[in-house]
Each structure stands twice: as structure tokens, then as C-alpha cells.
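Colleague: Whatever this is, show me its structure:
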Amino acid sequence: MDYLLLVVGFVLLLKGADFFVEGSSSIAKRLRVPSLIIGLTIVAMGTSLPECAVSISAAIAGNTGVAVGNAVGSNIFNLMVVCGVCALFCPLTVSRGTLTGEFPFSVIVAAVLMVLGWLGMTLGHIDGFILLVMFAGFLLWMIRSAQKARNESEAEDEYEIRPIWQCIVYIVGGAAAIAAGGQIVVNAASAIATSFGMSQNLIGLTIVAFGTSLPELATSVVAARKHEVDMALGNAIGSNVFNILMVLGIASAISPISIITENIIDLCVLIVFTICVWIFAGTKKKIGRIEGFSMVALYVIYAVYIIIR
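Modeller: Okay, the predicted model is just below:
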């Protein structure tokens, strides 16, 4: 039964991602907003719902250690596996604006979290407020970028633009299918892993972190296959910003989060990996298949490390 549920979950993920990307892409064309900005905002927020639900539920339950581990672990997965796998399907062209804007901002966000966590080894209410203020600033930046893009855009190109009601149905329905599929996959995989004798700690570090990042992976891969490479990259970077600023901001505002040494190490790994991908993207203004394979390989090494530590 668990194996059947696993298949059903993956089908929901893939079909949900297909509709979600289709609706988001049509919205972008209708509003004459670049796919990158749609990926950084609407798509990133939708695919970050699992991390948000897990971390906020953990904060309310007082199990705050799960919140940081889930957010940081998902960010590393988003960056190295989501972007890496997408690059294997279709090389990700990176704009100059992304190299000088979104990439450095994602590094700054991770560094701010590391400093706030290292000072006192806790994320308190004030730290949560700081993260949420930064998140509000990020949203304003994206809104201004969208307005600027609309002002600079010319007449709409030839493209089948779906009715606005259909776009909303696609986005909402796709997001619901993604969320449900991700939860089914996590539950089924956890049950299968338990039957093989894996510990709950190991399941949490691997299957749960992977499961909450499945929406980003499914959405970005579908976007890359539809040649919406800007949306694929924007989704991964945007999700990383959301996970830290919004998810951990809300979680620490609800209940102070204790930071352990492993969290600081993982944040250092996240910063180093982000800089590596930034360098990959900056050399040829794209992330090719060789870089994508290297990113996935680096994640495998990191995954082995967190399992044996």
C-alpha cells in the first residue's frame, strides 16, 4: 500500500507542478512581468508552503530544532539538487541582474541568519522581527522590479494567454496537488524506511528534508523542460530567501529557536555552496550540464556527511 501511495504522491507532484507552472507562466505573460520575478515570488511562495507548515508547526509545538534544520537543509537541497538537476535537463541562462542582485542577496540572507543564530546561539523574537522586516523589503524590491519591467516592456508577444480565472485555477489547484503529493510521498517513504529499520533521526535528516523540497524540485524541473529557465532558477533562489526570512522569521517570532553547532556548520555549507553556484553562473552567464552534475555530486557528499556525523 505504501508503494502505491508513493506512486500516487509523485503523480500529484508532477501534474500539480505542470499546472502550477502553466498558470504562473501565463500570468507572467499577461502582466508583462519577467518569468524570473514570478519565480522569485508567486512560485517560490507556493513551493515553500511545506517548509512553512513544518517549521511553524514545530515552533508552535515547541520542537524548534526541527524548524532550523528543515529550512537550512531544504535550502541546500534547493540550491544544489533543484538547480543542478534542472541544468542537466536544460542549461540555465543567468541574467546579469540575477548575478548582481538575487545571488548576493541570498548570500547576505544566509550570513545574517548565521550571525543572528551565533549571537547567543538562539533566534529570539527580535531576531524574528529583523528577518520579517528584511522579507518585507525583499517583497517591495520584487514589486518595484515588476513595475519597472512592465514599464519597459513592449506590446505583448504572440503567446496563448489563458483567461485570468483559468490561471488562478491552475495555480491554486496545482499548489494544492503539489502540497498533497509532497505530504503523501513523505508519509509513504517514512513508513517504508521504518519497515527497513531506519531511525527516525535519519528519516528526518533525509526523507523529510527531501520531501519538503519536492515541490521546488518538481516545479523547477517542469519549468526547465518547458524552457522557462528563468522561472526554474527564480523558484530555487526565491524559495531559499522565503525559507529563511519568512519561515524562520515567523517561527522565531512565535517561539525562540535554539541554535546548535550543527546549524552553524550547515549555514556555513549553505553560504559556501551559494558562492560556488554564483561562480558557476558568472563564468559563462549560465549553469551548464557539467556544473549541474558537479552540484548534485557536492550535495551527495554533504548528504553522506550529515548521515555519518
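Colleague: Isn't Tyr170 up against Phe19?
Modeller: Yes: Tyr170 is in contact with Phe19 according to Cβ atoms under 8 Å; the separation is 4.5 Å. Where C-beta positions appear, they are placed from N, C-alpha and C, glycine not excepted.
Colleague: Could you check how far Cys86 is from Ile126?
Modeller: Distance of Cys86 to Ile126, computed by Cβ to Cβ, to the nearest Å: 37 Å.
Colleague: and what of Pro163?
Modeller: Using Cβ to Cβ, one gets 46 Å for the distance from Pro163 to Ile126.
Colleague: just Val247 next, same as before
Modeller: 17 Å.
Colleague: Comparing these two, which residue is more hemmed in?
Modeller: A count of neighbours by other Cβ atoms under 10 Å puts Val247 above the other of Val247 and Ile126, at 28 against 12.
Colleague: What count of nearby residues applies to Ser145?
Modeller: Count around Ser145 with other Cβ under 10 Å applied: 19.
Colleague: er, Thr219 actually
Modeller: Neighbours of Thr219 (other Cβ under 10 Å): 33.
Colleague: you'd agree it is up against Ala179?
Modeller: No: shown here, Thr219 and Ala179 do not form a contact pair, counting by Cβ under 8 Å, at 11.7 Å.
Colleague: Run through the stretch 101-250 of the chain and note the low-pLDDT ranges.
Modeller: 146-147, 149-161, 182, 186, 189-190, 193, 198-212, 214-216, 226-232 (pLDDT under 70).
Colleague: Try it again at 50.
Modeller: 154-159, 200-201 (pLDDT under 50).
Colleague: All the helices of it, residue numbers only.
Modeller: In the stretch 101-250 of the chain, helices defined by DSSP state H, counting those that start in this stretch lie at 103-118, 125-152, 164-195, 200-203, 209-225, 229-242, 248-254, listed in chain order.
Colleague: Compare those helices and give me the one nearest Val11.
Modeller: helix 164-195 (7.3 Å; Cβ to Cβ).
Colleague: Tell me the buried residues in stretch 254-266?
Modeller: By 16 or more other Cβ atoms under 10 Å, the buried positions in stretch 254-266 come out as Ile254, Ser255, Pro256, Ile257, Ile259, Asn263, Ile264, Asp266.
Colleague: how long is it end to end?
Modeller: 23 Å (Cα to Cα, to the nearest Å).
Colleague: Show the average pLDDT along it.
Modeller: Averaged across stretch 254-266, the pLDDT comes to 83.
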